[in-house]
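1. Attaching a predicted model along with its sequence, questions to come.
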Amino acid sequence: MTAEGWREVAGARSRPWAGTRRVVRRAGSGPWWIALGGLVVLVLLLGAGAADQRADFSQAFLPPSAEHPFGTDQAGRDLLTRSLAGARVSLLVGLVAALVSSVVGVVVGGLAGSLASRGRGVVDGALMRLVDAVNALPHLVLGIVIVALLGPSLGSVILSVALTHWTTTARLVRAELLALQGAGFVEAAVGAGAGRWWVLSRHLLAHVLGRVVLATVLMVPHAIMHESALSFLGLGLPDDQASLGTIIEQSRTAVLAGHWWPAVLPGLLLVALSLAVFALGERLRPASRGRS
Amino acid sequence: MRLRERLHPARSPLTGLVVGRLLLLPVLVAAVTLVMFALAQRTPFDPVLASLGERALTMDGPTLEAMRARVGDTGAVQQWAAWWGNALQGDLGASSSQRAPVATVIAQRLPWTLGLMSAALVLAVLGGVLVGGLAGTRPGSWADRLAGGGLLSLQAAPPFWLGLVAVWVSAVWLGWLPTGGATSPGSGAVRPLDVLSHAVLPVLVLALSQLPWFGLVVRDATRDALAGVPVRAGWARGIATSRLLRQHAVRPALLPLVTVLGVRVPELITGAVLVETVFSWPGVASATVDSALRLDFPLLAALTVLTTVLVVLGNLAADVAYRVVDPRVGQRDG
Amino acid sequence: MSGQGYAEGRDLGPPASRTAGPGGPPEGGPTGGLRVSGLGVALPDGRGGHQTVLELVDLRVPRGRLVVLLGPSGAGKSTLLAALLGLLPTGSLVRGHGWWEADGAEPVDLVDPGAAARERLRGRVAAWLPQAPVGAMTPVLTVGHHLTEKARVHVPASRVPAVVGEVMRRHDVDPAWRRRLPSQLSGGQAQRVSNALALLGDPGLVLADEPTTGLDRPRARAAADGLAALAHDEGRAVLVVTHDLRLAEEAADAVIELDGGRSRGADVPVGEVIARARGASHRMAPHATTGQRLQAAAVRPPAAAAQRPDTTPAGPGLQASAEDPGTGEGPGLGAVDLTLRRGRGTLVRSGVTLQVRPDRTTGLMAPSGAGKTTLLRTLALLHRPSEGQVRLDGRPVRGTGYAVPAAVRRRIAFVPQDPRQGVDPRWTLGRSLLEPSRLVGRTGDDTEVARMLDRVGLAPELASRRPDEVSGGQLQRAVLARALALDADYLLLDEPTSMVDAATARAVVRAVHEHQHATGCGVLVASHDEELLRTWCDVVVEW
């Protein structure tokens, strides 16, 4: 409604598709998400201070109070302290597993992608069949088998998560490399006489790495979930390295006795943690994506 | 007739796809089990038991020791070959944790798992379509944001935690439903109403854990369809808004959903493992965990093969469905 | 809403009593029609601001007449249709009106009738014939579903089968297609279904968007006849927006030009507008032809030979063959009996033979989808032909991409159709422009970039911008500037003017022309724009 008589068409905002443009504002950009992101930092900082607590069975299963915001567990330990320490373990396992799987994924995907574009389709085909094969195995069952065979420890949990999750990154890197091979700006560089190294170092690397970082961050919640499931099943981490999954596992019987807090509150923390990392990933997503 | 018409443009690649995958399946299963046998050599597991088959059940201690000594020298490949030799004749070995032949254990438990999974899948799809469709046709609205946030949070919630919360709320706190098992203790017979009351919580929790993904897929696909030219063209033709939303926005979103059902098999299995464990549901998924915890190698091997086959078939179903059902693929290929 | 009232007051009310001017309805025909007055549209630019696409458009489309709105791509033609149909993107601003006058009834403003009136109007007054009929139908619903649903808008359920049957007969829609999905229709079938869908309900106004895009000549002709029949035989008001001059010439009762967001030529005879549009296109001063160059070479042969050692020595036979684009022999970039396939082996075209001569501008005219891009990419050594050879000055070039020596690659510059893909989105334009010189070890500076930008009529400030911070037309010229900087012997342009406004198109053509003057490079222009090629090229090959 400016001076020149411009106006908006009446009813334009109630067209069925009217909202589809506005929704460009992605999930993960609101103030709630930022608050959640702060939680991750908090968990990392506070969790560091949580030392082992003495068991005090006279204090067992105290409901949430000002002194113990999350209540106490079956051994009378403060659940908030324990949950924060557990969240830190979960987060670290998630981060390391996501990093390891990304490294494997980048190597396999990079190899497949660059070989496919050089006409070495056989190696590419074999690597992609390997990806198919790993994808054809149910992740949790495979994780159970790996941990069962190697024995429960931090290492085998991380390995079991990493070994089942690298395929996503491998596919992504390969697809990205192949797509970029035909991108106009790569063709322009090739046409101007650029060699493979030039194209790789000046054009491809920056693009692929951006995507890989994003995929790695988004894999962290997945890995956390995986680790907590293994711990919950009793195949995960020992009590002195309790993750959130371990804490929830230990409260299973307590729930049946009506003590809800040892299971519910650490679980809420786990949900918040996953959401926060997810939101962080969404913020990393390049803004120009999806613009036509 | 219509199906054949739709099949036609992609017929030869489709057959090739099916044949290729079915040929890949035995190779994959063989490779997975071989790796398992090789790894088990250095672990507390006893792959020797697996290679003996069901005979292990009837052997006494000393005989078993003698056999173990004899077979133990043969190495992973021989044990693996012996296991397959027995398996192909229907002898999957004996489960030490369940004290029964593996084949019997699976035959008894598989129906419980399949029942749980299919009921949950139906509920999850229906719920996902409902929530996703409502949110997707009102992009940017409060309903959309609420649904989006809710679905994301639900997706971030581990199924076992959802299970515990459900147990606390409706079983312990309200006291309405049984907290575990599939039948009431003491009643030997399987009574439908009894099973139903035991099944409500596991099915609901498994459905809830799967619902967010379907809901988000439907929401995004609906929103994409809504932003497309066909909706505008339909609007310009004068089609009523409610009909436009249902037929031209939500309905196109359902096709991709149907075609990706098969891809969700691994997640469904993951969910089933956790939910069956929480609710002590007597299915194969909880038996997988048991076998891993109790070092029951024959059962673990057989169940790994079973889940692998399920996942491959699920992926295959998804690929076939994608080509058969999605009319746009034929055009893209042509 | 105050804005609406303000706008109406400004426009002095509906033109109910105005009689038809030149180009009005025929005697005895139905009265009324469309009168667009002072229409302006500003689209949201995605960054909170607005971009004015239509400044001031006035036009009349009386019933019984076919009016063509001419303009290049990006001139805002489709935006005009969207404004009349109520399909503008959310957040768009408008001014002015698009009055629809039915016989005797109060005129209604199609652009901004108010929410309630829009509900009554949509689907009943204006029919939209979209550019791609298949893309405008919902892919999972059958043809029968679409037709039934549309009939249900206009008649009670009991009469739907009869109405659908009638409209299918009228528009030659085979009953067997009812069960087909849109993707299972051929182009022609989809067109007929689209017409049946649009015209069911007997709308008085027909809005057609680029109806001849991608059609060969006979089918384009048939489409034009069909549209003319809608106006002349059925008495509808038909507005066709297109950049196809031939369509305007064949079918229009009146032609209006749209350029820079303003309409021109409302009251001028059709022939005159078209002649003006032709003349205004891209006529350039004739440049040094091969013949003139050869004369010069006869005086100082060593200079010419030294400059271009690969060039076959001049001879009497050369001039004759230079005019023939079809041999693939002699100096130049040649395609010899190429078979082109796309993707997983879909045949695009076989037996392609073509020669791009040095210092000549060769045009390749073909409709969209005919394989122009595939051929250009093949000639640019980016795409492997499944049969045949690419020859550079008579010698076959082996391989594509990296397999070709860098020095050979640099002799051919390719400008793709879509500039958005053509530059690294992370780089500034300046960095992209300097890439060719950096590749040969020179470190270019700001002055060099400024000079390159100036050649294509761009300001030096653009050097520091990223691709998503400049307009499509600016980016197109930047990509061209980079290609020119290669100083290649052959310049291949894929639809260089299809995505830009008329002013940018002229700048592009001028820049290429001047470059050719200076360097004597061979140019190949692929386009579906006959006028562009006819005025620009020395030789035009038609597919």
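-> Done, it's in.

2. Return the residues of chain C in contact with chain B.
-> For chain C, the residues in contact with chain B (Cβ under 8 Å from any Cβ of the partner chain) are C:85-87, C:122-124, C:126, C:128, C:130, C:132, C:135-141, C:145, C:149-150, C:153-154, C:179, C:181, C:183-184, C:197-198, C:201. For the C-beta atoms, the positions are set from N, CA and C on the backbone; glycine is no exception.

3. PyMOL command for the buried members of those?
-> Selection of the buried residues among the residues of chain C next to chain B in PyMOL, burial being defined by 16 or more other Cβ atoms under 10 Å in any protein chain shown:
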select buried, chain C and resi 85+86+87+122+123+126+128+130+136+137+138+139+140+141+145+149+150+153+181+183+184+197+198+201
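
4. Please narrow the residues of chain C next to chain B to those residing in strands.
-> Secondary structure defined by DSSP state E assigns C:A126, C:W128 of the residues of chain C next to chain B to strands.

5. now, which of the residues of chain C next to chain B lie close to chain A?
-> Contacts with chain A are made by C:G86 out of these, judged by Cβ under 8 Å from any Cβ.

6. Identify the residue of the stretch 201-334 of chain B closest to chain C, quick one.
-> B:G238 (1.6 Å; Cβ to the nearest Cβ).

7. How about that residue, nearest residue that isn't a chain neighbour?
-> C:G123 (1.6 Å; Cβ to Cβ, 6 or more residues apart in numbering or on different chains).

8. tally of neighbours for B:Q89?
-> 9 (other Cβ atoms under 10 Å in any protein chain shown).

9. What about it? Give its phi and psi, please.
-> phi -90, psi 10 (degrees, to the nearest 10).

10. quick one: it and B:A82, what's the gap?
-> 11 Å (Cβ to Cβ, to the nearest Å).

11. tell me, what's touching those two both at once?
-> Overlap between the contact sets of B:Q89 and B:A82, as judged by Cβ atoms under 8 Å, 6 or more residues apart in numbering or on different chains, is nil.

12. Show me where the chain dips below the pLDDT cut-off.
-> You didn't say which chain, so I picked chain A. Applying pLDDT under 70 to chain A flags the ranges A:1-4, A:21-30, A:44-54, A:117-120, A:285-292.

13. Hmm, no, I was thinking of chain C.
-> C:1-31, C:46-47, C:72-74, C:214, C:266-267, C:276-330, C:343-345, C:368-369, C:499-502.

14. Now with 50, please.
-> C:1-29, C:281-325 (pLDDT under 50).

15. Pretty sure the residue of the stretch 201-334 of chain B closest to chain C sits against C:V125.
-> No: using Cβ atoms under 8 Å, B:G238 is not in contact with C:V125; the gap is 9.5 Å.

16. before we move on, the earlier item: is it fair to say the residue of the stretch 201-334 of chain B closest to chain C lies in a helix?
-> No: B:G238: not assigned to a helix; according to DSSP: H, G, I helix; E, B strand; the rest coil it is coil.

17. Run a quick neighbour tally on it.
-> B:G238: 23 neighbours (other Cβ under 10 Å).

18. ok now do it, which residues does it touch?
-> B:G238 sits next to C:R122, C:G123, C:R124, C:K150, C:V153, C:H154, C:G201 when contact means Cβ under 8 Å, 6+ apart.

19. For chain A, just list every one of the helices.
-> With DSSP state H as the criterion, chain A has helices at A:18-22, A:31-48, A:79-117, A:121-135, A:139-150, A:154-181, A:184-191, A:196-198, A:205-232, A:244-250, A:252-256, A:261-284.

20. out of those, deepest packed?
-> helix A:244-250 (a mean of 27; mean count of other Cβ atoms under 10 Å in any protein chain shown).

21. that older thread, from the contacts of B:G238, pick the one nearest chain A.
-> Using Cβ to the nearest Cβ, those come closest to chain A at C:R122, 10.3 Å.

22. And the residue lying closest to that closest one once chain neighbours are set aside, what's its pLDDT?
-> Once flanking residues are discounted, C:R122 sits nearest to B:G238: 5.0 Å by Cβ to Cβ, 6+ apart. Looking at B:G238, its pLDDT stands at 92.

23. How much space separates B:G238 from chain A?
-> According to Cβ to the nearest Cβ, to the nearest Å, B:G238 and chain A sit 13 Å apart.

24. phi, psi of that residue?
-> phi 100, psi 10.

25. Nearest residue to the middle of chain A?
-> Centroid check for chain A by Cα atoms, centre = their mean gives A:V220 as the closest residue, at 2.2 Å.

26. residues touching that residue, list them.
-> So A:V220 contacts A:L91, A:G94, A:L95, A:A98, A:V277, A:G281 (Cβ under 8 Å, 6+ apart).

27. got the residues of the stretch 201-334 of chain B near chain C?
-> So the stretch 201-334 of chain B meets chain C at B:225, B:229-240, B:243, B:247-248, B:251-252, B:255, B:327-328, B:330-331 (Cβ under 8 Å from any Cβ).

28. Show me which of those residues are buried.
-> Buried among those by 16+ other Cβ under 10 Å: B:225, B:230-240, B:247-248, B:251-252, B:255, B:327, B:330.
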